[in-house]
Structure formats: C-alpha cells, structure tokens
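> sequence-free structure coming up:
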C-alpha cells in the first residue's frame, strides 16, 4: 500500500471505481443475430470490431457502431477469431482457417488443413501425404487460433487437441513449421513396450510405450528420437516427432466435428485398459462397453485381429502370460466382477470365466516363472480382498483355476504390481497403505503409508522400476510419491497433473517415469543419474540386463551441438516431393511380407532425411495458391527438381469450372459474400532436439493443456 501511495500519491483516486460505459451496436436488419466471438482490430484497423455469429457469418463494425460489412463464411460453424495488423483469421469447422484483409474483408487464402481423422500415421512419411487426401476425408474443427506478427507464425488448435504452427511469412506460400498430436480426452491406460532380449526380437524400437484414451484411440509413442541406431530403422511420420502410430477403435468422429447448436461432449465409449503381448507383436485393449480388441503391431495398419464382446461393463485390467512359460493366455477383469481367460493359440477363444469376487475387479495379473509349468492368477477387488489362484489342466485338457489363498483387509485394493523376482505382489490400497504379500503363502511381508501424514485421498496406481527397488504411487490427490520399496522411505513428491492420475510406468532404460491423467496429459519425468545407476546395478545383480538407449543431448555440454530454428529449412510441402515414391510403395506393400520383413517396414529414414540436402536457395520457384477438390487433384504435371528428380505438382483445378478462381464479392450491410474454397500448399516439419530438463520435473508433456 505504501508503495502504491508513493507512486500514485493518492490511493483514494486509485481505488475509486468508475463504471464502464457501453454503447450498443446498431444492428438494424441483424438485430436477431446471436454472436459467439468478438475481437478488436489492431494497428491501422484499431477502429474496427469483428464478430462471429452462430450462423457462421463474420461481421465488421466501424466507429459508427453500425455493421459496415458482413459475409457468410460458407462453413458449418465458426469458433475462433484473431486479428493482426495485416490479417484477420477465422477458425471454422472441418479444419478450415480462413484469412481475410481486415478493412474490406477480402478473402486472401485458406490455411492448409491438418491431418485427416482416421489417418494411418505410420505411412505418412512423405510431404506428399498432406497433399494427397482421400475423398470424403474428415478433419477436426478449428477451435482456437492466434498469430505472432514478429515471427509470422499462426498457431492453430483443433478439436482433437492437435496443435499446428503455420508459417505465413509469405501468405501465398504457407508452410507447416511444427505440429503436435495429443490425446483429446482422458488418458486411461498405459503400457511400456517389452524389452528386446537375445532370444526375442521386437518390431517396435526401444523406448516405445502405448496409451489408451477415452477418445477411442490407442497411440504408440517413442521417446528415443535421438539414438542414431534407432533413427536408421524407425519410421518417423511428418505430423509428430514422438508419435509413431495411432489406432482408431471407432470410425465415428462426430464428437470431434460439431455442428451448429450442438454442444460437443466427451465420447461415451473409450479405451480403459491396454496390454502388450510379451512377444511385442499384438496389443490388447478393453473399452467402457466391455469389448476386448486385439490389434497386430507387425502390420503398419495395425489391423484388428479379434473383437470380443466379453463383459457387460468397462474392462479395468488386462494381462498376458510370459513368452518363456508353458502357458499362452490373456485374461481380462471388469467392473461386472468377472474375470475372463482367453486362449491365444485358439484365436482368443474363451476358456474360463471366474466369478469369485463380490465387487468390481480392479486389477488382474498372471504370474509364472521361466521354464516353470505352474501358472498363478492374482486378482484384487473393491471387496477388499486379494485372491491367489493356481492353474492346471483337467483330463480333457480344459484350463481350471483353484484358489489357494484369500487375503482380506479393511481397505479396498486399487492396483497391484509383480516384482522381477516374481515371488511377491505389491498392492496399493484405499487407505494409502502399500502392502507386500508373499506369493506362495499370501503372508504380509511389509506395509508402509505412501505420502505424508497430511496427505488425504487414496492410492489409485502403483508402479515398480525394472529392478523392483523403487515404487511410484499415484494418489487421488493428483500427486505422485516415489518410495524405496524395502524401507518405505519417501524419496520424491511429484506434482503437475490437474486431474486424477490414471496410470504410472517406469521405462525399460530406467531413466524415466511416465504418468497419465484424466486431464489428457502424459507427463514424462526424468530420474536422477544416481537413481538410474542404482537401478541398473541392482538389475545386473539380479541377472537382468537393462535396456540401453541414447542419452538426450545437453546443449550446454561440450561436444554436443544444439540445433536452433535458424539451422533448419522451412520447405513448402508440394515442392519437397522427390523420388521417394518407390520407397513409399515398398513401405505400404505388405501383401508378400513375412513377419521378419514386416519388422523392417518400420525402417525408413527418420525425420525425412531426404530433405536434409535441399537448401532454401535450391528450392524451385513457389507455386501460386491452387484450388483443389479433396481427393481429385486433377492430372499431375512435373518439373525438374534441384537434385535432378521430378517434383510432382497437382494440376490446378477449380471447384466451379476447373479454370478460374472465384473472386470474393463483398457487399455493404445486408449483402452476403461468396467465398472461395481453397486448398493450400503445406510444409514439412524438421524436429529440434529435446532440451535438457531438471531432475524430477516433467521432461516432456504430451498435451497442449500445460
């Protein structure tokens, strides 16, 4: 207060509030219009005010408060407005972003559209994929747009939470500077891809993990983007540096494409559990409706191998048997209190249903030791019990499970994990206790409380590091606590999620902890070097070899070069198409591939290395904006590229007669404007290196929310 008085002299004048005087706009013939978005002009257009209506029209008000100009955007709906000193941008449905001249509302150009919904990212390794779009493709709505005049960048947020940064330095040569793809709803499940061993080769690269979300997608992520060995054998698509592929379990994208007057709500269905086979060849997922799906990871399209309507309620947990065991089964646990066991070798035929719990089954695990014929099935439930079962085959070769131990506590069991020794089970309970039981007898070995005495809520998820030395526990209070499993000492407390944490996993290289949440975010936490060394040392003492991946370069460390945006080239999409068509055809031809060859289909130069030798000075002259009908670009013509190859360019066609563009007709007051439907050139993205992060802070967040 004294500081304020010293600066302003009189705090009474400072605290006197004067009401804002409003002056109603003069709408005349538009008085029944409902407006949904408004923005004020900047610079030489500061006297103008722009509004969007529910009918998808754009209005311009002048100093007289009257409607000076208005036009029909010719879209199903419009959501966002942003104005700079030169351009007015309108974010519309179906991925359309229209750019106008602010004073006259003359239509200048449409920004390129983002990725089509349902696209197979694994095959989108060339910029030509952004130009060649299938007919009737659907695109997510643009719900937010903002521009930076200093850098000539436009940032666009779409309804599926994808984020694109477009370069409009030359408005007639718009290029994609960056793009990021995320989950668009609650992330419910996470699983780390199995570690490659001497006797077991994997089809996906090191550092891969898979997540399932309420947006009906299963996304395959990879953090190991800087390992030279992995760069040679891993396909990187043009839309995301970390996302290898995504699986759509539902072809209905209506909830991502709103229509006028219809509110967009979260999808009623969605993925709630995922599990990867120990061989790494398939991924199983369960959804809110109780359906079990199995997808092939050896196939670039991740085709669906099986779909089973197994449960009457959402599936909460899935588990595969180990590859080095005598058994080959998949089990699922659901909110309907049932556990189903499926035979993998019989195309996931149901072999047994277990119904010995009186409440929802929160977690289920197969436990079997290498080269051991004994199979153990564990399950924990909201009925406050853990059941230990042993599996055997009857005389008719039918699988049967018999309970040999039943542990009852005073608190609900929400999750459980099995250590590498496979002789114990670690559980997380509603009373915040971490309880460890002996597998053979069900005897309680250890118990400690996660968090501090002031912490409230319950433990909903637990995760063990590869050496089973450390335990991470996630509470309903949105916090993560890292403990020493043997002593129970708390080593770290991690905060950052805005909703309840739904899953935790340590990576196989012992360097990171991954957490997922209902806020749609994926946090990647980097562990300290001391913790990593301790984990790896204990793993070697147990006879296991940790997975080795490349360290993230530190730009401040000697001998490592930091890549800045000034070292990158921003190349228009349509002019970067070179002699890669042969590689693409080989990549997409899977009809004659054996499983071994299909693993090699992921081996296309990453980060679009064929662009690295193209310098800005060598790029051919830019193309003028073209009007292309989706999926029908007309006959193609070619011209010589700087390296001697051919640049394939779509023939210019019009939406009307195939020859001329339509000029936007701007009218005064009540006259509507006819706008053109343009399809624009797009640019490729060359990713930068990951920055160094502090210990126990999110090293990477896969969401635009944070």
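Yes, it's here. Every value quoted in this text rests on a predicted model; they were computed, and no experiment measured them. Residues are numbered from 1 along each chain as shown.
> give me the below-cutoff pLDDT ranges for the stretch 401-550 of the chain.
The stretch 401-550 of the chain contains residues with pLDDT under 70 at 453-455, 550.
> go again with 80.
Residue ranges of the stretch 401-550 of the chain with pLDDT under 80: 451-456, 544-550.
> quick one: the helices in it?
Secondary structure of the stretch 401-550 of the chain (DSSP state H, counting those that start in this stretch): helices at 529-541.
> can you give me the strands in it?
For the stretch 401-550 of the chain, applying DSSP state E, counting those that start in this stretch gives strands covering 413-417, 424-429, 433-438, 444-449, 459-464, 470-475, 479-484, 490-495, 501-506, 512-517, 522-526.
> for those, give me a markdown table that also has distance to residue 156.
Using the backbone N, CA and C atoms, a C-beta is placed for each residue, glycine as well. Putting these into a markdown table (distance: least, Cβ to Cβ, whole Å) gives the following:
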| stretch | distance to residue 156 |
| --- | --- |
| strand 413-417 | 38 |
| strand 424-429 | 41 |
| strand 433-438 | 45 |
| strand 444-449 | 47 |
| strand 459-464 | 34 |
| strand 470-475 | 33 |
| strand 479-484 | 32 |
| strand 490-495 | 30 |
| strand 501-506 | 28 |
| strand 512-517 | 25 |
| strand 522-526 | 21 |
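> export those strands as JSON lines, with columns for distance to residue 356 and mean neighbour count.
Below are the strands of the stretch 401-550 of the chain laid out as JSON lines (distance: least, Cβ to Cβ, whole Å; neighbours: other Cβ atoms under 10 Å):
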{"stretch": "strand 413-417", "distance to residue 356": "15", "mean neighbour count": "22"}
{"stretch": "strand 424-429", "distance to residue 356": "17", "mean neighbour count": "24"}
{"stretch": "strand 433-438", "distance to residue 356": "18", "mean neighbour count": "20"}
{"stretch": "strand 444-449", "distance to residue 356": "21", "mean neighbour count": "15"}
{"stretch": "strand 459-464", "distance to residue 356": "23", "mean neighbour count": "23"}
{"stretch": "strand 470-475", "distance to residue 356": "27", "mean neighbour count": "25"}
{"stretch": "strand 479-484", "distance to residue 356": "31", "mean neighbour count": "20"}
{"stretch": "strand 490-495", "distance to residue 356": "35", "mean neighbour count": "15"}
{"stretch": "strand 501-506", "distance to residue 356": "26", "mean neighbour count": "23"}
{"stretch": "strand 512-517", "distance to residue 356": "30", "mean neighbour count": "25"}
{"stretch": "strand 522-526", "distance to residue 356": "35", "mean neighbour count": "23"}
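> out of the ones you listed, nearest to residue 128?
Residue 128 lies closest to strand 522-526 among those, at 29.9 Å (Cβ to Cβ).
> now the angle from the closest one to strand 512-517?
160 degrees (axes from the mean of the first three to the mean of the last three Cα atoms, to 10 degrees).
> just list what strand 522-526 packs against, helices and strands only.
strand 512-517, strand 698-701 (3 or more Cβ pairs under 8 Å, 6 or more residues apart in numbering; DSSP states H and E).
> how about 10 Å then?
Applying 3 or more Cβ pairs under 10 Å, 6 or more residues apart in numbering; DSSP states H and E, one finds that strand 522-526 contacts strand 208-213, strand 217-222, strand 479-484, strand 490-495, strand 501-506, strand 512-517, strand 698-701.
> residues in contact with residue 405?
376, 378, 386-390, 437-443 (Cβ atoms under 10 Å, 6 or more residues apart in numbering).
> who wins on neighbours among these?
residue 387 (24 neighbours; other Cβ atoms under 10 Å).
> report the contact partners of the residue nearest to residue 439 when sequence neighbours are not counted.
Leaving out its chain neighbours, the residue that sits closest to residue 439 by Cβ to Cβ, 6 or more residues apart in numbering is residue 423, at 5.2 Å. Applying Cβ under 10 Å, 6+ apart, we find residue 423 in contact with 367, 369, 438-440, 445.
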